[in-house]
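**Q** let's see this in three dimensions:
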Amino acid sequence: MPTLLRREYTHAPPPPVDVDLVRVMLVGCAAWLLGLVVTTVLAATGTTGWEPAQVCGAGLALGLVGLPLARRKQADVTAAAPHADGPAA
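**A** From the prediction side, this is the model:
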């Protein structure tokens, strides 16, 4: 039990995974858009209320707001990465 209270690591944590954040954001926005379409149809037919459509709309809006931030982050990482060509001779 004492090891659960103290953070003693027996090995180093793994390095962060290199992912394309823009692609992840686009896939997430597509999922929210699909959910918005489905819940809007369900709400229009009276099967469910409009709250699920509002949640999907909010998720899509937040994803679209985050997309430029992800693009800027990707541009910063790309600019800071060393070129594969190596130093110019």
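
**Q** for residue 26, give me its contacts.
**A** Residues in contact with residue 26 (C-beta atoms under 8 Å, 6 or more residues apart in numbering) are residue 67. (Each C-beta comes from the backbone N, C-alpha and C, glycine too.)

**Q** roughly how far apart are it and residue 17?
**A** Distance of residue 26 to residue 17, given as C-beta to C-beta, to the nearest Å: 18 Å.

**Q** which helix or which strand is home to residue 11?
**A** For residue 11, there is no host helix or strand (DSSP states H and E).

**Q** and the pLDDT for it?
**A** Looking at residue 11, its pLDDT reads 83.

**Q** residues near it, how many?
**A** 5 (other C-beta atoms under 10 Å).

**Q** do residue 19 as well
**A** As a measure of burial, residue 19 has 8 neighbours, counting by other C-beta under 10 Å.

**Q** tell me the secondary structure for it?
**A** Classification of residue 19 using DSSP: H, G, I helix; E, B strand; the rest coil returns coil.

**Q** surely residue 50 and residue 42 touch.
**A** No: contact criterion C-beta atoms under 8 Å: residue 50 and residue 42 do not qualify, at 9.6 Å.

**Q** which neighbours do these two have in common?
**A** With C-beta under 8 Å, 6+ apart, residue 50 and residue 42 have no common neighbours.

**Q** now the strands for the chain?
**A** Ranges of strands in the chain, per DSSP state E: none exist.

**Q** mind listing the helices for the chain?
**A** Listed in chain order, the helices of the chain (DSSP state H) span 2-5, 21-44, 51-80.

**Q** ok, the residue nearest the centre of the chain to residue 64 distance?
**A** What sits nearest the mean C-alpha location of the chain, by C-alpha atoms, centre = their mean, is residue 25, with 4.5 Å. For residue 25, the distance to residue 64 (C-beta to C-beta) stands at 9 Å.
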